[in-house]
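> sequence below, structure please.
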Amino acid sequence: MLGRLRVCVTYLVGALALCLALGLCFAQQPAAGGPAGAGKEQPPPPQPEAQAALKLVSGATALGYQGEGGSIRFSRTPQGNVVQPRKLAGNRYYGVLKLKGRAIPVTADVQPGRTIFYFDLNGDGDLSNAKEAGELFFGYGIKYKFSIPFTMNVAGSEVPMSLAIEGTSPRGGPQVTYYNNTYLRGSFTVEGKRYLCAIIDGNTDGSYTSGKEDYIVIDFNGDGKLNARKDSAELYKLGEPFIIGDKSYRVTSVSMKEGIKVDVSSTPAQPKPYLIPGYPAIDFVATTLSGQKFRLSQLKGYPVVLVFGDTADAYTKRLLSLLNKYAEAYNKTKPQLYVIAIMLDQSKDAVVQFIKDEGIKFPVVYQGPGGIYSSSKGYRVYETPRSFWLDHEMIIRFRDLRSSSQIRVALQQLVPKANAFRAKAQQEAAGAKPGQEETEQEKQPAKPQPKTRATDKQEKPPQKQN
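Residues are numbered from 1 along each chain as shown. Model prediction:
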């Protein structure tokens, strides 16, 4: 009996071992008709790329943005039943900072050299303990600028903001403007390429979704920087179409979690050329006050200073007077430098009188307000003076220089290189070997810019102003 039991146990152990071996063997074999390794756990299929979530960032002014929020009107009469600060040593002024759904009482204490502001940020109607409550701010000097922390309820959520305050305090009381200095930073993807961007709260309501009043800034050239200046090629109204490749797109939605979504726009967009150093100047045709028609590109080979100005602006008059002296100095014996002024004055007579009074010798164009120079296709001039300093290849090298030292340094770079360029071209035309190698700036190609129409052979380079 015991012997039979041992034999049964032996057969049972052997059968179990055989089953285990067969199981491992089949587990290692691929399924019929499937690839090797099909029995292993496979990674999930790739999913469409998600839009990046937006991040709230302080410092819209660092992008070059000039705020358009609102202003505070001050008077000598207190606003509402607000408990005022205990010690006001200067002249007292009272106003209200108005934001979406909120009115914040403000008291200004104007003292020599500084203005102390009290903002009822917590809404308790009591400014007597403003220092302890974090509601006390200082503006120093003739012009001042500071920021105050702030929260606004947007769609049921408290959104933190940084409110930029800018102002002056003349005898008639403070003149103060404010705007949201916080923006949303993120990106979106179009045609497989990711674009860095920012959403700016243009009307300071904290929503970032008002198509007609908020802005989007897009890093089209991929330099990793965002330019929110008014004349920037990267700044668009939130609902305005923009061009990527050969298609027009527009923003369809903005969400903190889901990011920015864009789609093809049925409305065609107009390209905005870059107006920064390294990009070619926009070509145009104009007629001087002396009646001579010319094209900017005809001046290739010479450095050109292009100034948009208004004689009602003191900075314009000073800049043009300085440039008149430099142009006379460089062009004593032969042409080496062109200065062209495009005047946006309301009155043509004012321009003619200024030319006469200052003895301006370089060509002057009277454009008047508006025109192609302030449109999206042109130089987008929103303030004067606006100046562009072009090298001999008509590439922008400097912008908005004003001081005599800045002008001197720029011309010391531009004029000798242009002279060397023309000398080399003359040697090559005569069949001689160039005596000077190309400079690094001449070797560097211009960054791409939209093309302009062909040159008219009837036009001639502008001459001196009569």
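
> quick one: the helices in the stretch 301-450 of the chain?
Under the criterion DSSP state H, counting those that start in this stretch, the stretch 301-450 of the chain contains helices at 314-330, 348-358, 404-429, 440-443.

> looking at the ones you listed, which is buried most?
helix 314-330 (a mean of 17; mean count of other CB atoms under 10 Å). Every C-beta, even on glycine, is put in place using the N, C-alpha and C of the backbone.

> okay, now S75: neighbour count?
10 (other CB atoms under 10 Å).

> that one touches P174, doesn't it?
No: counting by CB atoms under 8 Å, S75 stays clear of P174, with 10.7 Å between them.

> so what sits against both of the two?
93, 95 (CB atoms under 8 Å, 6 or more residues apart in numbering).

> related to what we said a few turns ago, the helices of the stretch 301-450 of the chain: lowest mean pLDDT?
With a mean of 48, helix 440-443 has the lowest mean pLDDT of those.

> re the thing from before, for the helices of the stretch 301-450 of the chain, which one sits closest to D219?
helix 440-443 (25.0 Å; CB to CB).

> any weak-confidence spans in the stretch 1-150 of the chain?
Applying pLDDT under 70 to the stretch 1-150 of the chain flags the ranges 1-52.

> show me where it has helices.
Going by DSSP H, counting those that start in this stretch, the stretch 1-150 of the chain shows helices at 2-28, 130-133.

> how is the chain divided into domains?
Annotated domains of the chain cover 49-271, 285-432 [automatic domain parsing].

> how far is the last one from where the chain is centred?
Just to be clear, that refers to domain 285-432. How far domain 285-432 lies from its chain's middle: 25 Å, per CA atoms, centre = their mean, to the nearest Å.

> swap in the longest one?
Between the centre of domain 49-271 and the centre of its host chain there is 15 Å, according to CA atoms, centre = their mean.

> which residues of the stretch 201-350 of the chain score low on pLDDT?
Low-confidence regions of the stretch 201-350 of the chain, defined by pLDDT under 70, span residues 211.

> now the strands for it?
Taking DSSP state E, counting those that start in this stretch, the strands of the stretch 201-350 of the chain run over residues 215-218, 235-237, 242-244, 247-255, 259-264, 285-287, 293-295, 304-309, 338-343.

> how about those in TSV, adding mean neighbour count and distance to I395?
Formatted as TSV, the strands of the stretch 201-350 of the chain follow (neighbours: other CB atoms under 10 Å; distance: least, CB to CB, whole Å):
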stretch	mean neighbour count	distance to I395
strand 215-218	25	23
strand 235-237	20	22
strand 242-244	18	22
strand 247-255	17	28
strand 259-264	17	31
strand 285-287	17	20
strand 293-295	19	17
strand 304-309	23	10
strand 338-343	24	15
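
> which stretch among those comes nearest T168?
Of all the strands of the stretch 201-350 of the chain, strand 304-309 comes closest under CB to CB, at 24.4 Å.

> alpha carbons only: can I get that closest one in CSV?
The C-alpha coordinates for strand 304-309 follow below in CSV (Å, rounded to 0.1, in the frame of the first residue of the first chain):
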residue,chain,number,x,y,z
VAL,A,304,20.2,106.7,-44.2
VAL,A,305,18.6,108.3,-41.2
LEU,A,306,14.8,108.1,-41.5
VAL,A,307,12.9,110.4,-39.1
PHE,A,308,9.2,110.6,-38.5
GLY,A,309,8.4,113.7,-36.6
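
> how much does it deviate in direction from helix 404-429?
Taking axes from the mean of the first three to the mean of the last three CA atoms, to 10 degrees, one finds strand 304-309 and helix 404-429 inclined to each other by 140 degrees.

> name every strand pairing with strand 304-309 and say which way it goes.
According to DSSP bridges, strand 304-309 forms sheet pairs with strand 338-343 (parallel), strand 386-390 (antiparallel).

> can you say which of the ones you listed is nearest to R185?
So among those, strand 386-390 is nearest, using CB to CB, at 28.3 Å.

> which of the strands of the stretch 201-350 of the chain sits closest to G141?
G141 lies closest to strand 304-309 among the strands of the stretch 201-350 of the chain, at 27.9 Å (CB to CB).

> now that closest one against helix 348-358, angle please.
120 degrees.

> re the thing from before, make a markdown table out of the strands paired with strand 304-309 and add distance to F138.
Compiled in a markdown table, the strands paired with strand 304-309 are given as follows (distance: least, CB to CB, whole Å):
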| stretch | distance to F138 |
| --- | --- |
| strand 338-343 | 41 |
| strand 386-390 | 34 |
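
> mind checking which of the ones you listed is nearest K145?
The minimum distance between K145 and those falls on strand 386-390, with 22.8 Å, by CB to CB.

> and that closest one, what's its mean pLDDT?
pLDDT averaged over strand 386-390 gives 96.

> isn't I407 right up against L401?
Yes: using CB under 8 Å, I407 is in contact with L401, at 5.5 Å.

> for the spatially closest residue to N181 that is not a sequence neighbour, which three-state class applies?
Sequence neighbours aside, A164 is the residue nearest to N181 in space, at 3.9 Å (criterion: CB to CB, 6 or more residues apart in numbering). Secondary structure assignment for A164 (DSSP: H, G, I helix; E, B strand; the rest coil): strand.

> measure K225 to G202 for me?
Separation of K225 from G202 (CB to CB, to the nearest Å) stands at 20 Å.

> tell me which of those two has more neighbours.
G202 (21 against 13).

> show the contacting residues for the more buried one.
68, 210, 213-215.

> show me which of the residues you listed are buried.
Buried members of these, counted by 16 or more other CB atoms under 10 Å: 68, 213-215.

> I'd like those written out as TSV, with distance to G59 added.
Formatted as TSV, the buried ones among the contacts of G202 follow (distance: CB to CB, whole Å):
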residue	distance to G59
E68	17
E213	20
D214	17
Y215	15
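
> in these, find the pair that's most separated.
Across those (CB to CB), the longest gap, 10.1 Å, separates E68 and D214.

> I244 is in contact with E191, correct?
Yes: here E191 reaches I244: they are 7.0 Å apart, a contact under CB under 8 Å.

> average pLDDT for the helix or strand where V176 lies?
For V176, the host element (DSSP states H and E) is strand 175-180. In this model, strand 175-180 has a mean pLDDT of 91.
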